[in-house]
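In: Return a 3D structure for these sequence lines:
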Amino acid sequence: MPLVQSYRAVRWLRTFNLILQAVLVLTFFGGLNYVAKNHAWRFDLTKQQKYSLSPETLSYIRNLQRPVHIIMTLAPESENPEVKGLIDEYVYATEERGAGQITKELLDVYQNRKRSEELGVEQADILLLVSGTRRRVVTINELYTMKEKKRHTFHGEQVLTAAILDVSTPVRQKIYFIDGHSELRIDDADAQRGLSALREALKLRNFEVDTVNLTVARSIPNDTSLLVCVRPRSTFSKAEQELLRQHLAANAGRLLLFLEPGQSAAALGLEDLLLDWGVLVQNDVIVDPEPANVAENGDLLVWAFPEHPITKTMHEYKQPLRLGLARTVMPDPGRTIGGGLNTVTLAATSKSAWGERDFRSASKYDPGIDTRPLPGMEPPDRLGLIVASERLAVRDNLPFSVRGGKMVVFGSGDLAANARIDQGNFAIFLNAVNWAVDRDRQLSIPARPVERFQLSLSAADFTKLRYTLLLALPGGAMLLGLLVYWTRRA
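Out: Have a look, this model is predicted:
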């Protein structure tokens, strides 16, 4: 019998055919995976394009000169699919780059204590961006806008892109705290007189922090991004006043000023400077007789915040400020309207409060003596506590403005002290810093609504679903198998 007609040859042919089919299948899937990995095409079919970065973001991150490592300290019970998906898109968009690659790391701060201590991170639900020696912290709450205490829109791409650009920039912004007038100090850990907690928080957010004594230095350092003066108690000299004036006006400088009650602006030598910027500081102390506006320890609770980038957090999360002694700060009603100066109130008292001018007796309001809200001032029927002033210089009626100076005046000397720099106080301080140094710049990236899906099932619906999964699906597979069996038998 010829070999090709023998049973042994048939068996060898069948075996070879099976091996060849297996090789072809493996080759097909191997080639398919190679193409998918090296020449992948991705399509975002979601309605809001929630898994796509904007062209502006792509143009920025594809030109990064330094790598950025994003560490996510998300709590196990947290549900932030938008955040995780967004970071994956940043990583994917730069995974083929070398110097400017963005990488990610998921860190459980409760389980991996060693890594948490290395990074100096103890809080969950934050994003830590690291590029070389530069660091920037972004909380999860900063990525959302709130409405009725619920997450309404997701603008994480705006925030993260700005943070990536900031942390990957080689030059760190420097904040100087003015010294020499018995101010609160950044190297003091005392709960009432120190700012050490504030210093550490600013360093964690990639700021360089130092002090400057204008009387000794006789000039404001050229690398100053922001000046901060917390609770001065002695007079600024004429030379110091002129330095501040030149820094704000000629150099488009930025200043945060915290003034406690007890001394007038004139006594501190700052009255003319404040009036130049449209800010009026009253020599009084705020009194509010309503128990709902006073904490158990006597702190003044502040709930009124007009719309402004600095007060955005206070609006969304309904957080109050907790102040000790506070004074009235308001836009100067006699200021010149126009000229590029924009002065607005950021925080105000309740309608029941007044500014007591007699520091020895603050039990009742004295008409004609104590401070009351002025007609026509915003917000109506309230005394201001914090005022922001910004000057934009317009050149020859051209359709753009150039960078001008900024000033924020707080009518409290201890808002930023170690004992109070938490929750609302820290939020408004940090927002003021970001606004002053232009970290709050809004990229032209639209916010995306947070999609919510809710499935409501009754007990009867759950019972039907259970029996469907347990009986219907296996029963359908069994019937299909029987049908194939009878078909092949026939």
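
In: can we go C-alpha only for contacts and neighbour counts from here?
Out: Fine.

In: which parts of stretch 167-187 are buried?
Out: For stretch 167-187, burial by neighbour count (16 or more other Cα atoms under 10 Å) applies to 167-168, 172-181, 183-186.

In: Among these, find me the one that's closest to E117.
Out: V167 (20.9 Å; Cα to Cα).

In: could you pull out the helices for the stretch 151-300 of the chain?
Out: Using DSSP state H, counting those that start in this stretch, the helices assigned to the stretch 151-300 of the chain run over residues 156-167, 196-204, 214-217, 238-249, 265-268, 271-276.

In: Mind checking the pLDDT average for the fifth one?
Out: Spelled out, it's helix 265-268. Across helix 265-268, pLDDT averages out at 92.

In: Averaging pLDDT per element, find the lowest-scoring helix or strand in the protein.
Out: Among the secondary structure pieces of the chain, namely its helices and strands, strand 401-402 has the lowest mean (mean pLDDT, DSSP states H and E), a mean of 52.

In: Show me the shaky parts of this protein.
Out: Low-confidence segments of the chain, defined by pLDDT under 70, are located at 1-7, 40-51, 56, 76-79, 97-98, 336-339, 359, 361-363, 393-403, 440-455.

In: got the domain boundaries for it?
Out: Segmentation of the chain into domains, based on automatic domain parsing, reads 3-38, 55-168, 174-436, 459-490.

In: Now the terminal residues of the third one, how far apart.
Out: For domain 174-436, the separation between the terminal residues is 12 Å (Cα to Cα, to the nearest Å).

In: Over to stretch 258-270?
Out: Distance across stretch 258-270, first residue to last, is 12 Å (Cα to Cα).

In: Run the chain-centre distance for it.
Out: Taking the mean C-alpha point of stretch 258-270 and that of its whole chain, the gap between them comes to 32 Å (Cα atoms, centre = their mean, to the nearest Å).

In: any idea how far T161 lies from S54?
Out: Counting by Cα to Cα, the gap between T161 and S54 amounts to 10 Å.

In: Between the two, which is the more surrounded one?
Out: The neighbour comparison of T161 against S54 (other Cα atoms under 10 Å) goes to T161, with 19 against 14.

In: circling back: quick one: which of the helices of the stretch 151-300 of the chain is nearest R11?
Out: In terms of Cα to Cα, the element of the helices of the stretch 151-300 of the chain nearest to R11 is helix 156-167, at 62.8 Å.

In: CA atoms of the closest one as CSV?
Out: Presented in CSV, the C-alpha positions along helix 156-167 are these (Å, rounded to 0.1, in the frame of the first residue of the first chain):
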residue,chain,number,x,y,z
GLY,A,156,-9.1,68.5,36.9
GLU,A,157,-7.4,69.0,33.5
GLN,A,158,-7.1,72.8,34.1
VAL,A,159,-5.7,72.3,37.6
LEU,A,160,-3.3,69.4,36.7
THR,A,161,-1.9,71.0,33.6
ALA,A,162,-1.2,74.2,35.4
ALA,A,163,0.4,72.3,38.3
ILE,A,164,2.6,70.2,35.8
LEU,A,165,3.8,73.3,34.1
ASP,A,166,4.5,74.9,37.4
VAL,A,167,6.4,72.0,39.0
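
In: Can you name every helix or strand that that helix contacts?
Out: Using 3 or more Cα pairs under 8 Å, 6 or more residues apart in numbering; DSSP states H and E as the contact criterion, the elements in contact with helix 156-167 are helix 55-61, helix 81-94, strand 126-131, strand 134-139.

In: which non-adjacent residue is nearest L129?
Out: Spatially, and ignoring its direct neighbours in sequence, L129 is nearest to I70 (4.6 Å; Cα to Cα, 6 or more residues apart in numbering).

In: longest helix of this structure?
Out: helix 7-38 (DSSP state H).

In: just to revisit the earlier point, point out the most buried one among the helices and strands packed on helix 156-167.
Out: strand 126-131 (a mean of 22; mean count of other Cα atoms under 10 Å).

In: Each with direction, which strands does that strand pair with?
Out: When pairing is defined by DSSP bridges, strand 126-131 lines up against strand 68-73 (antiparallel), strand 134-139 (antiparallel).

In: mind checking which of these is nearest R8?
Out: For the strands paired with strand 126-131, distance to R8 was read as Cα to Cα. The smallest value, 63.2 Å, belongs to strand 68-73.

In: Show me the strands in the stretch 201-350 of the chain, by range?
Out: Along the stretch 201-350 of the chain, the stretches classed as strands by DSSP state E, counting those that start in this stretch are 208-213, 224-230, 254-258, 279-281, 285-287, 300-302, 321-323, 329-331, 341-348.

In: and I369, which of those strands is closest to it?
Out: For the strands of the stretch 201-350 of the chain, proximity to I369 was assessed by Cα to Cα; strand 285-287 is nearest, at 12.6 Å.

In: OK, contacts around the residue nearest the centre of the chain?
Out: What sits nearest the mean C-alpha location of the chain, by Cα atoms, centre = their mean, is E142, with 3.9 Å. With contact set as Cα atoms under 8 Å, 6 or more residues apart in numbering, E142 has these partners: 156, 159.

In: and the nearest residue to H315 once chain neighbours are set aside, what does it touch?
Out: On the basis of Cα to Cα, 6+ apart, the spatially nearest residue to H315 that is not a chain neighbour turns out to be F305, at 7.1 Å. In this structure, F305 makes contact with 311, 314-315, 346-348, judged by Cα under 8 Å, 6+ apart.

In: do F410 as well
Out: Applying Cα under 8 Å, 6+ apart, one finds that F410 lies in contact with 256-259, 329, 385-387.

In: That one and A252, how far apart?
Out: For F410, the distance to A252 equals 20 Å [Cα to Cα].

In: for I61, same thing?
Out: To A252, I61 is 29 Å away according to Cα to Cα.

In: Also S182?
Out: Between S182 and A252 the distance is 26 Å, computed by Cα to Cα.

In: Hmm, F207 is touching K174, no?
Out: Yes - under the criterion of Cα atoms under 8 Å, F207 makes contact with K174 at 5.8 Å.

In: Spit out the contact partners of L248.
Out: Contacts for L248 were tallied using Cα under 8 Å, 6+ apart; they are 254-255, 405-406.

In: try it again with 7 Å
Out: In this structure, L248 makes contact with 254, 405, judged by Cα atoms under 7 Å, 6 or more residues apart in numbering.

In: What are the phi and psi values at P375?
Out: Main-chain torsions, P375, degrees, to the nearest 10: phi -60, psi 140.

In: Can you report how many residues neighbour the nearest residue to it once chain neighbours are set aside?
Out: Taking Cα to Cα, 6+ apart as the measure, P375 lies nearest to D381, with 7.6 Å between them; neighbours along the chain are not counted. Under the neighbour criterion other Cα under 10 Å, D381 is assigned a count of 18.

In: can you confirm D381 is in a helix?
Out: No - with DSSP: H, G, I helix; E, B strand; the rest coil as the criterion, D381 is located in coil rather than a helix.

In: ok, it touching W354?
Out: No - the pair D381 and W354 does not pass the contact test of Cα atoms under 7 Å, sitting 10.1 Å apart.

In: Compute the number of surrounding residues for T153.
Out: Counted with other Cα under 10 Å, residues neighbouring T153 total 17.

In: I'd like the distance from it to E82, if you could.
Out: Between T153 and E82 the distance, using Cα to Cα, works out to 11 Å.

In: now swap in E290 and tell me
Out: Per Cα to Cα, E290 is found 42 Å from E82.
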